[in-house]
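*Asks:* heads up, no residue letters with this:
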């Protein structure tokens, strides 16, 4: 039951988030301060913000549900994360920092053409809006059940708070509230684990029972590409998705540029990976602990027909002491607001820089315009969350489809931008902008062949061969291969 004490804890958290946004807004005098924090934000704060943005509320709720129903084999994702940190640290961050850009996609105009840059920005905006809508809807669904309020109200309230502090403080508000939100998020997971361990006879007993039930299995060296829970899929194919997110997503690039130099940006990136590994281990153990609590130790009964996705929310309401329940609900809000605030701030940066073009030293006029973009994208995020609430199909399948559809080709575009001069030269043989656009469209089409279009019920022609971690790899590889082939053919034809 959600008590008065729980409401006080939740309300205090929301008010503190607003206060941080108001406090850090004092230093915002121009667009560079608002969008990049003046390039002087401490790398520790940036690293925490990176992981707070990555581990959405679906991690808080979805990871325990996954282990409750299966095991910990998705911990192999951390192998992909480690690979991505190395690649991004050596290939992406130095180029972003040395190029003098203020937006990730500005690089495409330098290397190719303005249409390529704007196409990339459009893809990014579409992908992030769809992702944000789902990441805002999913936790709001749980919050509505726990707080006994209307789903639409849960979406609007959590979004409104995030929009408010982001509107005031810009990237500094996003990063510093992320730091607080991560502490609440991680601390909430630790408290849940402590409560369950204390209820089943301690950590040793809990771990033994979880191992006996097969919940602690985390390694599968199989080479089966059709199974997402194998080393080749979860360990290596997933690395491409991690590289695409950490290297191509404006949310990440914006934070790299908010650090003082390359070394600080790389430190923040490494810290985010270490913290991400800790978060994964923690919440997978929460899932194993819930299984032990209900199925092995029988510490409490579960209602008939309760699905694995509903076990953790049920425990939050019925298994936690007053006050801690409020803190855990605040953690869910924290994760949801972190995803939204980061998204709308980076979308505002993309709108200003990639579509309109802005002088980083522009004063109050540019600052006002940037704040308007924050509200516009925030409202659109709410709209997409409400739209997600009307969908009957699997939100996860739709989210995975759109992630592969946009992130894979974007990664291919960056690789071409980084290495085009070495491959094609800078003269008549250079890679042309229109070739890149054709290649990107082919990369997207390849994904439709192997995954279909879940949102519209379109079946895949080559379905069942590849598991979902391979989707960005397929669309990225197709994009690069088509660009190489088409450009080579054009050069040959000209001869």
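*Replies:* Looks like it arrived, so ask away. These numbers were taken from a predicted model, which means no experiment stands behind them. Numbers count the residues shown, from 1 in each chain.

*Asks:* which phi and psi values does residue 102 adopt?
*Replies:* phi -120, psi 0 (degrees, to the nearest 10).

*Asks:* kindly report the same for residue 216.
*Replies:* Torsion angles, degrees, to the nearest 10, at residue 216: phi -90, psi 0.

*Asks:* would you map the helices across the stretch 201-350 of the chain?
*Replies:* 203-212, 238-248, 250-258, 262-291, 311-318, 324-350 (DSSP state H, counting those that start in this stretch).

*Asks:* lowest-confidence stretch among those helices?
*Replies:* Among these, helix 324-350 has the lowest mean pLDDT, at a mean of 84.

*Asks:* how far does it sit from its chain's centre?
*Replies:* Its chain's C-alpha centre and that of helix 324-350 lie 11 Å apart, by CA atoms, centre = their mean, to the nearest Å.

*Asks:* tell me which of the helices of the stretch 201-350 of the chain sits nearest to residue 459.
*Replies:* Proximity to residue 459 (CB to CB) singles out helix 238-248 among the helices of the stretch 201-350 of the chain, at 23.1 Å. (Glycine included, C-beta is placed from N, CA and C.)

*Asks:* which pLDDT value goes with residue 53?
*Replies:* pLDDT, read off for residue 53, is 78.

*Asks:* would you confirm that it contacts residue 251?
*Replies:* Yes: using CB atoms under 8 Å, residue 53 is in contact with residue 251, at 5.6 Å.

*Asks:* which residues are in contact with each of those two?
*Replies:* Listed contacts common to residue 53 and residue 251 are residue 342; contacts here mean CB atoms under 8 Å, 6 or more residues apart in numbering.

*Asks:* next, the buried residues of stretch 245-258.
*Replies:* Neighbour-count burial for stretch 245-258 flags 245-258 (criterion: 16 or more other CB atoms under 10 Å).

*Asks:* what's the first helix or strand after the lowest-mean-pLDDT helix or strand in the chain?
*Replies:* Lowest by mean pLDDT, DSSP states H and E among the helices and strands of the chain is helix 31-36, with a mean of 73. Remark: after helix 31-36, the chain's next helix or strand is helix 43-54, criterion DSSP states H and E.

*Asks:* would you mind listing the buried residues in the helix or strand just after that following helix?
*Replies:* Scanning forward in sequence from helix 43-54 by DSSP H and E, the next helix or strand is helix 57-69. Of all the residues in helix 57-69, those buried under the rule 16+ other CB under 10 Å are 57-68.

*Asks:* mind putting these in CSV, distance to residue 347 included?
*Replies:* What follows is the buried residues of helix 57-69, written out as CSV (distance: CB to CB, whole Å):
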residue, distance to residue 347
57, 19
58, 20
59, 22
60, 23
61, 25
62, 24
63, 27
64, 30
65, 29
66, 29
67, 33
68, 34
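
*Asks:* residue 349: which of those residues is nearest?
*Replies:* Among these, residue 57 lies closest to residue 349 (CB to CB), at 23.3 Å.

*Asks:* for the spatially most central residue of the chain, what are its contacts?
*Replies:* By CA atoms, centre = their mean, the chain has its centre lying nearest to residue 54, at 3.8 Å. The contact partners of residue 54, taken as CB under 8 Å, 6+ apart, are 245, 272, 276.

*Asks:* go again using 7 Å as the cut-off
*Replies:* residue 276 (CB atoms under 7 Å, 6 or more residues apart in numbering).

*Asks:* what's the answer for residue 290, then?
*Replies:* Going by CB under 7 Å, 6+ apart, residue 290 touches 64, 68, 196, 311-312, 315.

*Asks:* next: residue 387.
*Replies:* Counting by CB under 7 Å, 6+ apart, residue 387 has contacts residue 133.

*Asks:* tell me which element it is part of?
*Replies:* Applying DSSP H and E as the criterion places residue 387 in helix 364-388.

*Asks:* pLDDT weak spots in the protein?
*Replies:* 25-30, 56-58, 357-366, 391-402, 421, 423-429, 453-458, 494-495 (pLDDT under 70).

*Asks:* determine the longest helix present in it.
*Replies:* Secondary structure of the chain per DSSP state H: the longest helix is helix 151-199.

*Asks:* report the angle between the axes of it and helix 250-258?
*Replies:* With axes from the mean of the first three to the mean of the last three CA atoms, to 10 degrees defining the directions, helix 151-199 sits at 70 degrees from helix 250-258.

*Asks:* what is helix 151-199 packed up against?
*Replies:* Using 3 or more CB pairs under 7 Å, 6 or more residues apart in numbering; DSSP states H and E, the elements in contact with helix 151-199 are helix 4-24, helix 31-36, helix 43-54, helix 114-147, helix 203-212, helix 262-291, helix 324-350, helix 364-388.

*Asks:* mind putting those in TSV, distance to residue 187 included?
*Replies:* What follows is the helices and strands packed on helix 151-199, written out as TSV (distance: least, CB to CB, whole Å):
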stretch	distance to residue 187
helix 4-24	11
helix 31-36	29
helix 43-54	13
helix 114-147	17
helix 203-212	18
helix 262-291	10
helix 324-350	8
helix 364-388	26
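
*Asks:* of all those helices, which lies closest to residue 189?
*Replies:* Nearest to residue 189, of these and by CB to CB, is helix 262-291 at 4.7 Å.

*Asks:* what is the orientation angle of that closest one with helix 43-54?
*Replies:* Going by the same axes, to 10 degrees, helix 262-291 makes 50 degrees with helix 43-54.

*Asks:* hey, what's the angle from helix 262-291 to helix 238-248? Just curious.
*Replies:* Using the same axes, to 10 degrees, helix 262-291 lies at 130 degrees relative to helix 238-248.

*Asks:* list the buried residues of helix 262-291.
*Replies:* By neighbour count on 16+ other CB under 10 Å, the buried set for helix 262-291 is 262, 264-273, 275-277, 279-291.

*Asks:* including distance to residue 146, could the helices of the stretch 201-350 of the chain go into CSV?
*Replies:* Output for those, formatted as CSV (distance: least, CB to CB, whole Å):
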stretch, distance to residue 146
helix 203-212, 24
helix 238-248, 29
helix 250-258, 28
helix 262-291, 16
helix 311-318, 6
helix 324-350, 6
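
*Asks:* out of the ones you listed, flag the one nearest residue 465.
*Replies:* Of all these, helix 238-248 sits nearest to residue 465, with 16.7 Å by CB to CB.

*Asks:* and the closest one, what does it pack against?
*Replies:* helix 77-87, helix 395-424, helix 471-494.

*Asks:* what's the most buried one of these?
*Replies:* Of those, the one with the most neighbours on average (mean count of other CB atoms under 10 Å) is helix 395-424, at a mean of 21.

*Asks:* wait, isn't residue 239 in contact with residue 78?
*Replies:* No: in this structure, residue 239 is not within contact of residue 78 by CB atoms under 7 Å, at 10.4 Å.

*Asks:* closest one of the buried residues of stretch 245-258 to residue 300?
*Replies:* Residue 300 has its nearest neighbour among these in residue 245, at 38.1 Å by CB to CB.
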